[in-house]
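[1] Here's my sequence, what's the structure:
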Amino acid sequence: MATLFFQLYNEAGTLQHRHLEPKWLRGCLKPCPSSAKSALAASAMSTKKQSKASKSADSINARLQLVMKSGKYSLGYKTTLKTLRQGKSKLVLICNNCPALRKSEIEYYAMLAKTGVHHFAGDNNELGTACGRYYRVSCLSITDPGDSDIIRSLPGQE
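    Sure thing, here's the model as predicted:
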């Protein structure tokens, strides 16, 4: 019976080499070829760089969930334009796959209303999920942030 060579990463992110031989582990892990060692190390480096972007996305999602619990908002294109026209909107979030004409129209209304606009990093499915809904949301208008500090934090990042 041959010993299998595996590369494992511990919680600190350091690389550990293991030689595993027990019978119960035979079908669980696949052996790592020696040519993939450098690819695994490079992917570990890239995940650290991606973590900053994911942390900011998680931060936006957490703030958005707090708005959904304690604030006032309106979901959708029509109601977003209504709140912008009335001057009630404090912040507008637009998904990244919103059509260009619709996006520019919302931005124009927001500029007239002196309202901040944040381009959400995800598509309309992800924005709907971040809002806690099971449907797609192309844009949303926040009229009262509630306990969240989303209005102070988001427009300054752009």
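[2] C-alpha from now on. contacts and neighbour counts both.
    Will do.
[3] if you go through the chain in chain order, where are the helices?
    Using DSSP state H, the helices of the chain run over 37-70, 77-86, 100-112, 124-130, 150-157.
[4] elements contacting the second one?
    With contacts defined as 3 or more CA pairs under 8 Å, 6 or more residues apart in numbering; DSSP states H and E, the packing partners of helix 77-86 are helix 100-112, strand 139-144.
[5] who wins for proximity to Asp144 among the helices of the chain?
    The closest of these to Asp144 is helix 37-70. By CA to CA, the value is 7.9 Å.
[6] can you list the weak-confidence ranges in this structure?
    Under the criterion pLDDT under 70, the flagged ranges of the chain are 1-53, 155-158.
[7] same thing but at 50, please
    Of all residues in the chain, those with pLDDT under 50 make up the ranges 1, 3-5, 34-37, 47, 156, 158.
[8] which one of the helices and strands packed on helix 77-86 has the most crowded surroundings?
    Per residue and on average, the most neighbours among the helices and strands packed on helix 77-86 fall to strand 139-144, with a mean of 23 (mean count of other CA atoms under 10 Å).
[9] Can you name the residues in contact with that strand?
    Contacts to strand 139-144, defined as CA atoms under 8 Å, 6 or more residues apart in numbering, come from residues 67, 71-77, 79-80, 83, 88-95, 98, 124.
[10] List the strands paired with it, with their directions.
    Sheet pairing of strand 139-144 (DSSP bridges) gives strand 72-75 (antiparallel), strand 91-94 (antiparallel).
[11] and of those, who's closest to Tyr108?
    Closest to Tyr108 of the strands paired with strand 139-144 is strand 91-94 (CA to CA; 11.7 Å).
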